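Peer 1: A predicted structure for the sequence below; I have some questions about it.
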Amino acid sequence: MSGKKAPIYKSFSYAFEGIFTCIRKERNMKIHCVFMILVIIAGFFFRISVTEWCICLILFGLILSLELINTAVESVVDLVTEERKPLAKVAKDTAAGAVLMSAIMSAVIGCVIFIPKLLGFLF
């Protein structure tokens with residue numbers, strides 16, 4: 001194996017291929033993308049502040065990145081073993097837990113941002 005790296009455009013191409021493959025094949029990634037679109041629509045509707053947009057964008061990146069890592073961990077574990085092994089379960093469950101934790105906290109933060117705006121709109 002030579003030490004020569006692929007051109008930078010190839011690296012970006014591989015990365016985008018990984019993102020789009022995950023979106024196409026992983027149900028949870030599709031769910032995250034739908035919620036991201038809904039939050040973006042709500043953000044425009046309620047005219048959230050620049051700071052609130054930045055918070056939302058950071059959370060989008062966090063959740064989608066963790067879902068990509070979770071998919072990678074699951075794929076590698078499945079590649080290495082088809083047997084049920086306790087450490088394989090720990091790896092998969094822990095990666096899934098990281099996604100769930102970020103999704104829960106993002107939902108809480110979303111409520112902090114959007115509930116007051118919704119109440120102000122309704123009343």
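Peer 2: Now that the structure is in, tell me what you want to look at. Residues are numbered from 1 along each chain as shown.
Peer 1: The longest helix seen in the chain: which residues count as buried?
Peer 2: For the chain, the helix with the greatest residue count under DSSP state H is helix 86-122. Residues of helix 86-122 classed as buried by neighbour count (16 or more other C-beta atoms under 10 Å): 88, 91-92, 95-96, 98-99, 102-103, 106, 110, 113-114, 117. Yep, even glycine has a C-beta here, placed from its N, CA and C like the rest.
Peer 1: Which member of those is positioned nearest S49?
Peer 2: I113 (9.1 Å; C-beta to C-beta).
Peer 1: quick one: contacts for the closest one?
Peer 2: I48, E52, I55, C56 (C-beta atoms under 8 Å, 6 or more residues apart in numbering).
Peer 1: Could you find which two of the residues you listed are furthest from each other?
Peer 2: I48 and I55 (8.8 Å).
Peer 1: Tell me how far the residue most central in space within the chain lies from L118.
Peer 2: The structure's the chain has its C-alpha centroid closest to L64; by C-alpha atoms, centre = their mean the separation is 1.6 Å. Distance, L64 to L118, by C-beta to C-beta, to the nearest Å: 25 Å.
Peer 1: Give me the below-cutoff pLDDT ranges for the protein.
Peer 2: For the chain, the stretches flagged by pLDDT under 70 are 1-2.
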